[in-house]
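A.B. asks: Show me the folded form of this:
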Amino acid sequence: IVALFAALLAIGVPIIFVLGISGAVYVYLANLPLVLVPQRLFVGLNSFLVLSVPLFILAGNIMNASGITQRIVNFSDLLVGRVRGGLAYVTLVALMFFSGITGAGAADTSAIGSIMIPAMRNQGYKPEYAAAITAAGATVGPIIPPSIAFVIYGAMADVSIAGLFLAGVIPGILLTLAMSLVVWRQARTHNFPVREVHSSPRALLRGFVEAFPGLMMPAIILGGILGGIFTPTEAAAAAVLYALVVGFLVYRELRPAALWTILRD
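C.D. replies: This next block holds a predicted model:
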């Protein structure tokens, strides 16, 4: 089985098929009852805690469709957009904020990247650099709460989800700061462009107010879990409800017709 596993990896078979084929061969050679296969599949998925994973993704999709992504980008632009290489900083800060909504790096890359990569290209950044800074910045997605990776690990290892969430806040912020230092060095080495951003205190306050409902999402999730108000799964459901309220009643950009696409995704 080990030899088969290694051989499949060596010839480039996707890991999901490597695991499936190796497992199937083991079941056959060990003459295990096949009824164990669906039984173990069901046991692995029949977890109230794991239900929070699709709910967090759903909450992120709703917030993205509600216009929160653009507001977070705008607020980040007001904060750090004036310095040399400003759009690279904006990308990193926006990804850090958005990580507190989705908990998934791929979702963060898709949401923020669809806005920031074209903007960086238009400002004269190389396309490969724009893509790289977005991908690197999204690595904080599985660290800053709510983190889907932490939920899965906590469910499998019987570790406190609240403790994992709390432990991810500072490392996520430090990672963003470390990447910002790299951008600072590269901005001077490669003479990145400087943008004109009018960031008066009034504009900064207005940007904060507009982004505030989205920025409150991580506080509600983490505060509710640490305060013992609800479990991680209930927090994910509360996040979905909050996202719907923000989309329909606060920003008023979410349309009922868009819900099917959001649910399908």
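A.B. asks: Going by C-alpha atoms from here, please, whenever you check contacts or count neighbours.
C.D. replies: Will do.
A.B. asks: quick one: low-confidence ranges for the stretch 151-265 of the chain?
C.D. replies: 196-198 (pLDDT under 70).
A.B. asks: At which residues are the helices of it located?
C.D. replies: Secondary structure of the stretch 151-265 of the chain (DSSP state H, counting those that start in this stretch): helices located at 161-189, 201-226, 232-245, 259-264.
A.B. asks: So which of those helices is nearest residue 13?
C.D. replies: Nearest to residue 13 among these is helix 259-264; the distance by C-alpha to C-alpha comes to 28.4 Å.
A.B. asks: Tell me which residue lies farthest from the centre of this protein.
C.D. replies: Distance from the centre of the chain peaks at residue 31, with 42.0 Å (C-alpha atoms, centre = their mean).
A.B. asks: Not counting residues beside it along the chain, what's closest to residue 160?
C.D. replies: Counting by C-alpha to C-alpha, 6 or more residues apart in numbering, residue 160 lies nearest to residue 154, which is 6.1 Å off, once chain neighbours are set aside.
A.B. asks: and if you look at residue 159?
C.D. replies: Leaving out its chain neighbours, the residue that sits closest to residue 159 by C-alpha to C-alpha, 6+ apart is residue 153, at 7.6 Å.
A.B. asks: okay, now that neighbour: neighbour count?
C.D. replies: Neighbour count of residue 153, defined by other C-alpha atoms under 10 Å: 16.
A.B. asks: The one 10 residues further on too?
C.D. replies: A count of nearby residues for residue 163, using other C-alpha under 10 Å, gives 13.
A.B. asks: got the contact list for it?
C.D. replies: Residues counted as contacts of residue 163 (C-alpha atoms under 8 Å, 6 or more residues apart in numbering): none.
A.B. asks: how far away is it from residue 73?
C.D. replies: As judged by C-alpha to C-alpha, to the nearest Å, residue 163 and residue 73 stand 29 Å apart.
A.B. asks: do residue 201 as well
C.D. replies: Per C-alpha to C-alpha, residue 201 is found 17 Å from residue 73.
A.B. asks: between these two, which one's more packed in?
C.D. replies: It is residue 73, of residue 201 and residue 73, that has more neighbours when counted by other C-alpha under 10 Å, with 26 against 10.
A.B. asks: Contact partners for residue 74?
C.D. replies: Residue 74 touches residue 207, counting by C-alpha under 8 Å, 6+ apart.
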